[in-house]
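Student: pasted the sequence and its predicted model underneath.
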Amino acid sequence: MDTAVIVLRVALSLGVVLALMWVLHRVSRKKLVGGKAHGRRAASVEVVGRQGIGGKASVVVVDVEGERLVLGVTEHGVSLLTSGQTPAPELTIVTGPVVLPTRAAATADADPEPAPSADVFRRELEQQTGAEAGLPADLPMRPRNRRPQRAVVPTAAQLQGSILSADTWRQAAAALKNRRAG
């Protein structure tokens, strides 16, 4: 009887703790992340850069709702150094090397050749790389030098007293039966 009461008290305590954690999580998520704090709309703040200039002093560049602020930060406070419009993001196009097929230069007497089709480009690329359909011929199907893993089964002596041991479960069942009977 005492064991059942203890198990019930532990389960009830665990339930109360989990419920309290869930409530605190919901409250903190509403107040700290994306929720409206005290009726105001949250501003989007992005730290662009930070540079230390002394022991506990630094200069911080921050973007706030389309405005760039340069702030001086010390251990005693934060002061606005300058402000202005946020610059537009720079767009850069990065391309890798492109291999184009070469053809003989057309003479003035010859008729201009029609533009080559995609099949011509694919065939020339396969000839240059030695691959068919875009895959190299020697592509391994599994990692090399990997030894198969053996399954290690622990012995009864290694499991002695462990929760994984069948003997431990038998002993626990016998103890419960004895307690109920006595």
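Tutor: Received it, and whenever you're ready, just let me know what you need.
Student: Gly52: neighbouring residues, count only.
Tutor: By the criterion of other Cβ atoms under 10 Å, Gly52 has 10 neighbours. For the C-beta atoms, the positions are set from N, CA and C on the backbone; glycine is no exception.
Student: so it makes contact with Ser58?
Tutor: Yes. Between Gly52 and Ser58 a contact is recorded at 4.6 Å, counting by Cβ atoms under 8 Å.
Student: run through this structure and note the low-pLDDT ranges.
Tutor: Scanning the chain for pLDDT under 70 picks out the ranges 1, 32-43, 91-92, 94-149, 182.
Student: the strands in it, which residues?
Tutor: Counting by DSSP state E, the segments of the chain that form strands are 45-52, 58-64, 67-73, 78-85.
Student: go through those and name the closest to Leu20.
Tutor: strand 45-52 (31.4 Å; Cβ to Cβ).
Student: which other residues reach that closest one?
Tutor: If you take Cβ atoms under 8 Å, 6 or more residues apart in numbering as the criterion, strand 45-52 is touched by Ser58, Val59, Val60, Val61, Val62, Asp63, Val64, Arg68.
Student: just curious, which of these is nearest to Val27?
Tutor: Distances from Val27 to those, taken by Cβ to Cβ, are shortest for Val64, at 26.4 Å.
Student: what sits against Leu80?
Tutor: Here Leu80 is in contact with Leu69, Val70, Leu71, Gly72 (criterion: Cβ under 8 Å, 6+ apart).
Student: my read is that the second one contacts Val64, right?
Tutor: No. Counting by Cβ under 8 Å, Val70 stays clear of Val64, with 11.7 Å between them.
Student: what about Lys177, distance to Arg170?
Tutor: The gap separating Lys177 from Arg170 is 11 Å, by Cβ to Cβ, to the nearest Å.
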